[in-house]
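> could you look at this predicted model? Sequence included:
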Amino acid sequence: MLMDRSNVGAATLQKVSVAQVGVETVSEDVWGELMLRGSTLRLIVGLLLAFVLTSCQTWSHQLESPDIRLESMQVLPARGLTPRFSIALRVKNPNGVMLPLQGLSYRVDVEGEALLSGVKNDLPTIPGYGEALISLEVDADLVSGLRLVTRMLSQPSRHIEYLLSATLNMGAFAPEIRLHEKGRLPLFGLESSAQ
């Protein structure tokens, strides 16, 4: 049985053409799907970025600064030559949302001397329209303390002036809140807990 070579060549050519067309069709479909995925991915990233930026801007513009007050300050037994103090800060939240405090850095100047400073990271979450008491135990700066005592002995007073500076951190997506409070404390208010 003899085969007509011209018919075999045409059949082979026809199969190759169909196979090539099929590959081109598949590759066009895959390419189109990848382009769709890339467009979708760009859209999702763009929307996420817009949401984060809008949230940060909304967060910073709508929150009122919390009120921070020096509630009490007591002298604790000294460690060696360094005097120690227990400080209680009352933080009031005037906002309807809770403030998840993650960090606090503070400094207390007494009669113009940078007497106390420190940081704390174990802080409560302050509920909306609520308040919390933050207790700190700090060592005083010895040199500033000596200058303060020298000044107070040469110029006795019934009160001491203080300036409390604090920075509250609520996490990566919220702005830091910086607060300052000036006030006076009566000297008899600095009671020693060693009694």
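Great, that's in hand.

> tell me the secondary structure at Val149.
helix (DSSP: H, G, I helix; E, B strand; the rest coil).

> and it, how far is that from Met73?
As judged by CB to CB, to the nearest Å, Val149 and Met73 stand 16 Å apart. C-beta here means a position set from N, CA and C on the backbone, and glycine is covered the same way.

> okay, now the closest residue to Gly103 other than its chain neighbours: neighbour count?
Spatial nearest neighbour of Gly103, excluding adjacent residues (CB to CB, 6 or more residues apart in numbering): Asn169 at 3.8 Å. Number of residues near Asn169 (other CB atoms under 10 Å) recorded here: 18.

> please identify which of Val149 and Met73 sits among more neighbours.
Shown here are Val149 and Met73; by other CB under 10 Å, Met73 has more neighbours (22 against 12).

> just checking, the more buried one touches Arg184?
No - counting by CB atoms under 8 Å, Met73 does not reach Arg184; the two are 11.9 Å apart.

> and the pLDDT for Glu24?
pLDDT, Glu24: 48.

> what's the answer for Ala172, then?
76.

> which other helices and strands contact the lengthiest strand in the chain?
Identified as the longest strand of the chain according to DSSP state E is strand 67-79. The contact analysis (3 or more CB pairs under 8 Å, 6 or more residues apart in numbering; DSSP states H and E) places strand 67-79 against strand 82-92, strand 131-139, strand 159-169, strand 177-186.

> any idea which of those strands gets closest to Glu113?
strand 159-169 (10.1 Å; CB to CB).

> which strands and helices sit next to that closest one?
Secondary elements touching strand 159-169 (3+ CB pairs under 8 Å, 6+ apart): strand 67-79, strand 82-92, strand 103-110, strand 177-186.

> tell me which of the ones you listed sits most buried.
strand 103-110 (a mean of 19; mean count of other CB atoms under 10 Å).

> give the contact list for Val149.
Going by CB atoms under 8 Å, 6 or more residues apart in numbering, Val149 touches no other residue.

> again, but for Val138
With the criterion set at CB under 8 Å, 6+ apart, Val138 makes contact with Arg84, Phe85, Ile87, Leu116, Ser117, Gly118.

> per-residue pLDDT of it, please?
For Val138, the model assigns a pLDDT of 90.

> report the beta-bridge partners for it.
Beta-bridge partners recorded for Val138 (DSSP bridges): Phe85.

> distance of it relative to Pro94?
27 Å.

> likewise Leu76?
32 Å.

> sorry, back to before: which of the helices and strands packed on strand 67-79 sits closest to Asp67?
Across those, closest to Asp67 is strand 82-92 (CB to CB), at 4.3 Å.

> what is the helix or strand that comes right after the closest one packed up against?
Next in sequence after strand 82-92, counting helices and strands by DSSP states H and E, comes strand 99-100. Counting contacts by 3+ CB pairs under 8 Å, 6+ apart, strand 99-100 is packed against strand 125-126.
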